[in-house]
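S.K.: Using only what follows, build the 3D model:
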Amino acid sequence: MQSKLEWDFAGIYADEGISGTNTKKRVEFNRMIEDCMAGKIDMVITKSVSRFARNTLDCLQYIRMLREKGIAVYFEKENINTLDAKGELLLVIMGSLAQEEGRSLSTNTRWGIVHQFQEGKVRITHTKFLGYTKDENGDLKIVPKEAKIIERIYKEYLQGKSATRIAKDLEKDGIKTPTGRKRWWESTVTSILRNEKYMGDALLQKSLTVDFLTKKRVKNKGHAQQYYVEDSHPAIISKEMFQQVQEELKRRSSLRKKPTEVKSDSPVSILFQA
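M.R.: Okay, here's the model as predicted:
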């Protein structure tokens, strides 16, 4: 760059710590493309194909889009200029290798997580449910103020309130949902009532990523092994109260269904004692 005195430096576009497998979350990458389309850039210089995109389809899509505008992408490591005749053929090959690298990294990461599950080690995203945060060691610890909300929900349900009524009362009292929203739904309350984490246990791998490119996650309905860890962290609700709530949930559900429609719960595959 410094040796090309006739070039004007347009700026650096860098997404720190963001995977190249999908461009949707790459803010700087998308800003660069927008600047290219706006005529602010006529050449992009990047370290390698894998730095540009590990997804072959995305890689070729953007390169072709830029080529139509007469904008070159130069990959230093591979010495490829996309405006050259041989550029696209080489990119198909290099792009495929980059995508396979991304698949390999995703598989290795997933194996590491599954290995931890098999050893009974718990990985929980505490930001998605009330009552817990993490200490300096990364272990779950109870947030007293939020724990009182959880206790309230369980007690009121056992006292006869419906999930809908509880949701409306929480909303009326200005209490925010686990995701920080003002509006409570019946399903949010029911999810809290069914969450085994509040009695100190953890069902691992409730959902999983089925496509490493799109990062799409689905509920684990037999796609992969699940693991159940008992007493993995401090409990907010006693096991006795949790079981009482599960029985009450079943009882109320059975009143809304015909007897032939009631299905038994499927057993959890593996049980660990922490």
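S.K.: which stretches of this protein have low pLDDT?
M.R.: In the predicted model, the chain carries pLDDT under 70 at residues 1-6, 17-24, 54-57, 85, 88, 91-124, 205-218, 220-226, 258-274.
S.K.: let's see it at 80
M.R.: 1-7, 16-25, 49-50, 53-60, 85-128, 204-228, 257-274 (pLDDT under 80).
S.K.: Break it into its domains for me.
M.R.: 27-110, 119-273 (automatic domain parsing).
S.K.: Is it possible to get JSON lines of these that adds distance to Gly11 and mean neighbour count?
M.R.: (Each C-beta comes from the backbone N, C-alpha and C, glycine too.) As requested, the domains of the chain are arranged in JSON lines below (distance: least, C-beta to C-beta, whole Å; neighbours: other C-beta atoms under 10 Å):
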{"stretch": "domain 27-110", "distance to Gly11": "8", "mean neighbour count": "16"}
{"stretch": "domain 119-273", "distance to Gly11": "28", "mean neighbour count": "15"}
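S.K.: Next up, the contacts around Leu193.
M.R.: 153-154, 157, 163, 245, 249 (C-beta atoms under 8 Å, 6 or more residues apart in numbering).
S.K.: which residues in the stretch 51-200 of the chain form helices?
M.R.: Read by DSSP state H, counting those that start in this stretch, the stretch 51-200 of the chain holds these helices, from start to end of the chain: 56-68, 87-118, 144-158, 163-172, 186-194.
S.K.: Which of the domains of the chain sits closest to Ile12?
M.R.: Taking C-beta to C-beta, domain 27-110 is the member of the domains of the chain nearest to Ile12, at 8.5 Å.
S.K.: re the thing from before, the contacts of Leu193: which two are farthest apart?
M.R.: Looking at the contacts of Leu193 by C-beta to C-beta, the two members farthest from one another are Ile153 and Leu249, with 12.5 Å of separation.
S.K.: ok, Leu83 touching Glu68?
M.R.: No: taking contacts as C-beta atoms under 8 Å, Leu83 lies outside contact range of Glu68: 11.2 Å.
S.K.: For Asp15, find the nearest of the domains of the chain.
M.R.: Shortest distance between Asp15 and these, using C-beta to C-beta, is found for domain 27-110: 4.7 Å.
S.K.: Strands of the protein, start to end?
M.R.: Per DSSP state E, the chain carries strands over the ranges 43-46, 72-75, 80-81, 132-134, 140-142, 202-204, 207-211, 216-219, 227-230, 270-273.
S.K.: Next, format the domains of the chain as CSV and append distance to Phe9.
M.R.: Below are these laid out as CSV (distance: least, C-beta to C-beta, whole Å):
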stretch, distance to Phe9
domain 27-110, 10
domain 119-273, 33
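S.K.: quick one on the thing from earlier: tabulate the contacts of Leu193 (a markdown table), appending distance to Val49.
M.R.: A markdown table is the format used below for the contacts of Leu193 (distance: C-beta to C-beta, whole Å):
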| residue | distance to Val49 |
| --- | --- |
| Ile153 | 51 |
| Tyr154 | 54 |
| Tyr157 | 55 |
| Ala163 | 51 |
| Val245 | 54 |
| Leu249 | 52 |
